[in-house]
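Trainee: requesting a structural model of the entry that follows:
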Amino acid sequence: MIPRQILTNANVVLPDRTVHGSVVVEGERIAEISATRRYPEGLDLQEQFLIPGVIDIHTDYMEKELNPRPSANFPLNMAFHFMDVRAIACGLTTVLGAARISDDEEKSTRTSIWRGDGLALAKAYPKLAIFPGDRFGEGAVVTAPRPGGGQRFAVEYALVDGCHACARLGVLRLGFDFDGEGKYLGVSVLSVLPSAR
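Mentor: Okay, the predicted model is just below:
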């Protein structure tokens with residue numbers, strides 16, 4: 001049996017207008033949008049707005065989740081969790097974390113410095129994207145010691161051609177570095193492995 005959820009008494013935002021009505025969801029699909037019918041058995045949204053999921057196409061706030069203040073450093077899994085919670089609370093169903101892929105060195109910051117031969121991949125696929133929630137592989141996070149008692153958390157992400165359902169182009173491996181006192185130092189691109197064709 002397909003699960004059914006009814007959202008009623010809502011201001012439903014459509015591509016061309018807003019209607020007061022109901023939305024019926026069956027499984028993972030919208031089965032009905034009605035501007036006239038109200039379902040007494042449905043979840044009453046009390047005239048709140050019901051909108052499609054919003055896509056944030058560029059965000060830089062992962063660093064703020066890891067290191068919100070100079071003296072506060074959160075564990076990587078906690079930072080990912082709170083990034084996801086904040087996003088969904090704002091109606092964001094997809095967040096594209098920005099990671100610059102280039103071959104030039106930046107002296108002012110270590111964040112997102114490219115260290116490898118993946119520039120051709122980015123040039124060949126201008127819609128190249130990663131989705132922070134799409135961690136890749138069996139071990140989502142691998143830890144390694146750093147000099148001075150620090151630690152690196154290596155996380156792999158699927159590289160896709162513009163969307164979740166689009167072609168998988170490869171795997172991006174990012175390193176989130178912390179010093180011996182737990183202070184967040186930055187994130188680096190460790191490697192990009194193109195998918196076998």
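Trainee: for Ile2, phi and psi?
Mentor: Here is the backbone geometry of Ile2 (degrees, to the nearest 10): phi -80, psi 130.
Trainee: what sits against it?
Mentor: By C-beta atoms under 8 Å, 6 or more residues apart in numbering, Ile2 lies in contact with 26-27. C-beta: built from backbone N, CA, C; applies to glycine.
Trainee: what's the distance between it and Glu28?
Mentor: Distance, Ile2 to Glu28, using C-beta to C-beta, to the nearest Å: 9 Å.
Trainee: burial measure for Ser22, as a count.
Mentor: Ser22: 24 surrounding residues under other C-beta atoms under 10 Å.
Trainee: contact partners of the host helix or strand of it?
Mentor: According to DSSP states H and E, Ser22 maps onto strand 18-26. If you take C-beta under 8 Å, 6+ apart as the criterion, strand 18-26 is touched by 2-12, 30-39, 42, 47, 49-50.
Trainee: let's see that with 7 Å instead.
Mentor: 2, 4-8, 10-12, 30-39, 42, 50 (C-beta atoms under 7 Å, 6 or more residues apart in numbering).
Trainee: pLDDT on stretch 170-181, on average?
Mentor: Mean pLDDT, stretch 170-181: 81.
Trainee: all strands for this structure, in order.
Mentor: 4-13, 18-26, 29-34, 43-44, 49-50, 54-59, 92-97, 141-146, 150-160, 168-178, 184-194 (DSSP state E).
Trainee: may I see those organised as CSV, with distance to Phe74 added?
Mentor: Output for the strands of the chain, formatted as CSV (distance: least, C-beta to C-beta, whole Å):
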stretch, distance to Phe74
strand 4-13, 34
strand 18-26, 34
strand 29-34, 36
strand 43-44, 34
strand 49-50, 32
strand 54-59, 17
strand 92-97, 16
strand 141-146, 14
strand 150-160, 12
strand 168-178, 10
strand 184-194, 8
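Trainee: give me the neighbour count for Tyr157.
Mentor: Residues within reach of Tyr157, counting by other C-beta under 10 Å, total 22.
Trainee: I'd say it and Leu172 touch.
Mentor: Yes - Tyr157 is within contact range of Leu172, at 4.8 Å (criterion: C-beta atoms under 7 Å).
Trainee: in its sheet, what does the strand holding Ser22 sit against?
Mentor: Next to strand 18-26 in the sheet, as set by DSSP bridges, lie strand 4-13 (antiparallel), strand 29-34 (antiparallel).
Trainee: ok, which of the ones you listed comes nearest Pro194?
Mentor: Shortest distance between Pro194 and the strands paired with strand 18-26, using C-beta to C-beta, is found for strand 29-34: 33.7 Å.
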